[in-house]
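Engineer: only geometry, no sequence info:
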C-alpha cells in the first residue's frame, strides 16, 4: 500500500489553469503539488500560434506558452508531477488524491482538469488534427487569413466562430446536420446578414487532405445521402466540449453536461447532501464552464 505524502495543496490538471493556480499557490508559500498528467499543457498546446495572450504582440506557439507557464510555477517552488490521477477522496480533510504511482494527503485540492473539445469521431479528423483541423477560431483563426475555411456545428459557439472567421478568411462555410440552427435569435439574424455560406442539413463525412494538410471536406446530405466536396484550407469543429469531471462526480454536483456546478455567483461548489464538507470553486464568467475548483 502506498503511504500518502502530506502536502498543503494538490492541483489536479496541467493546463494553463493548473499552472496559474500553481504559480499563485507557490508565491503564497504553500508548496503546491501539481499533478499534470501525461499530456501536460492542456488544449493550448494544440494551437500553432496564440496571438491574444498579453505580452506577446508577435504571437507565441501554444506549446511554448504552456511551457513558460509551467517553468514559472516551478521557479516559484511548485512541484510538478507527471502522473495520472486515478481516484480522489473528498469526503473529509485531509483529502486524498491517488495517482498511478503515488498518493497524496492534502488540506486543499484544486481541480483544474478543464474540458476537451468534442470531436466528430472521424479517422480523417484525427489525421489532420493540427494540420488544418482546429477547435478554436479565436486561437487559430489568424493562421487562415485570406484562406477558405468551414465550421461544423449549429449552436452559439459555431455561429460565433463562423462570424469571427468571416472577418479573417476569404470564404467561410457553416455546416450543420439539421435544417435549423440552435443558436440564439440574435446570432441567427447576424448570420443571415453575413457573407457566411450555409450548408444544411449536411454531415461532415470526411476531411480531405495531403502531406501539406487539409485541402477540403466531403459533406453528405442527411436526407438524400448525396455528397458534395468543399475546397478548404481549414476546418473548425465547434460541437461543444466534454468536461473532464468524471473523477469528482461522486463528491461534487454536475450539470446536465457534466460540468461542475457552483452555488449562484459564489465560488462555492455544490456538494451532494451526504457530504458535509464545503468546497470552494474558481470559475470563469460562463456559468456552464468550471475551469478550476478548490476543495478545503
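Structural biologist: Alright, I've got the coordinates. Just so you know, these numbers come straight off a predicted model, no measurement behind them. Numbering: from 1, shown residues only.
Engineer: where does the stretch 1-150 of the chain dip in pLDDT?
Structural biologist: The model of the stretch 1-150 of the chain has pLDDT under 70 over residues 1, 47-48.
Engineer: what about the helices in the stretch 151-296 of the chain?
Structural biologist: With DSSP state H, counting those that start in this stretch as the criterion, the stretch 151-296 of the chain has helices at 156-166, 185-192.
Engineer: brain fart, the stretch 1-150 of the chain
Structural biologist: Counting by DSSP H, counting those that start in this stretch, the helices of the stretch 1-150 of the chain are 16-27, 62-75, 123-127, 137-140.
Engineer: nearest to residue 214, out of the helices of the stretch 151-296 of the chain?
Structural biologist: Each of these has some distance to residue 214 by C-beta to C-beta; the shortest is helix 156-166, at 14.3 Å. (Glycine included, C-beta is placed from N, CA and C.)
Engineer: let me see the mean pLDDT of the closest one.
Structural biologist: When pLDDT is averaged over helix 156-166, the result is 92.
Engineer: sorry, back to before: redo the helices of the stretch 1-150 of the chain as CSV? Include distance to residue 95.
Structural biologist: Converted to CSV, the helices of the stretch 1-150 of the chain look like this (distance: least, C-beta to C-beta, whole Å):
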stretch, distance to residue 95
helix 16-27, 15
helix 62-75, 21
helix 123-127, 36
helix 137-140, 33
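Engineer: which of these sits most buried?
Structural biologist: With neighbours taken as mean count of other C-beta atoms under 10 Å, the helices of the stretch 1-150 of the chain reach their highest mean count in helix 16-27, at a mean of 23.
Engineer: rewinding a little: and residue 27, which of the helices of the stretch 151-296 of the chain is closest to it?
Structural biologist: helix 156-166 (34.1 Å).
Engineer: list the buried residues in that closest one.
Structural biologist: 156, 157, 158, 159, 160, 161, 162, 163, 164, 165, 166 (16 or more other C-beta atoms under 10 Å).
Engineer: can you check stretch 146-153 too?
Structural biologist: Those would be 148, 149, 150, 151, 152, 153, for stretch 146-153 by 16+ other C-beta under 10 Å.
Engineer: OK, contacts around the last one?
Structural biologist: Spelled out, that is residue 153. 159, 161, 174, 175, 176, 237, 238, 239, 240 (C-beta atoms under 8 Å, 6 or more residues apart in numbering).
Engineer: next: the second one.
Structural biologist: Counting by C-beta under 8 Å, 6+ apart, residue 149 makes contact with 165, 169, 171, 172, 173, 232, 233, 234, 235, 236.
Engineer: quick check: the residue nearest to it when sequence neighbours are not counted vs residue 214, distance?
Structural biologist: Take residue 149 and drop its neighbours on the chain: the residue closest to it by C-beta to C-beta, 6 or more residues apart in numbering is residue 234, 3.9 Å away. To residue 214, residue 234 is 6 Å away according to C-beta to C-beta, to the nearest Å.
Engineer: between the two, what contacts are shared?
Structural biologist: Shared contacts of residue 234 and residue 214, counting by C-beta under 8 Å, 6+ apart, come down to 132, 133.
Engineer: out of the helices of the stretch 1-150 of the chain, the one nearest residue 254 is which?
Structural biologist: Closest among the helices of the stretch 1-150 of the chain, using C-beta to C-beta: helix 16-27, at 17.5 Å.
Engineer: and the strands in the stretch 1-150 of the chain?
Structural biologist: Assigned by DSSP state E, counting those that start in this stretch, the stretch 1-150 of the chain shows strands spanning 5-12, 33-35, 79-81, 85-89, 95-99, 103-111, 115-117, 133-134, 148-152.
Engineer: so which of these is nearest residue 51?
Structural biologist: Of those, nearest to residue 51 by C-beta to C-beta is strand 133-134, at 13.8 Å.
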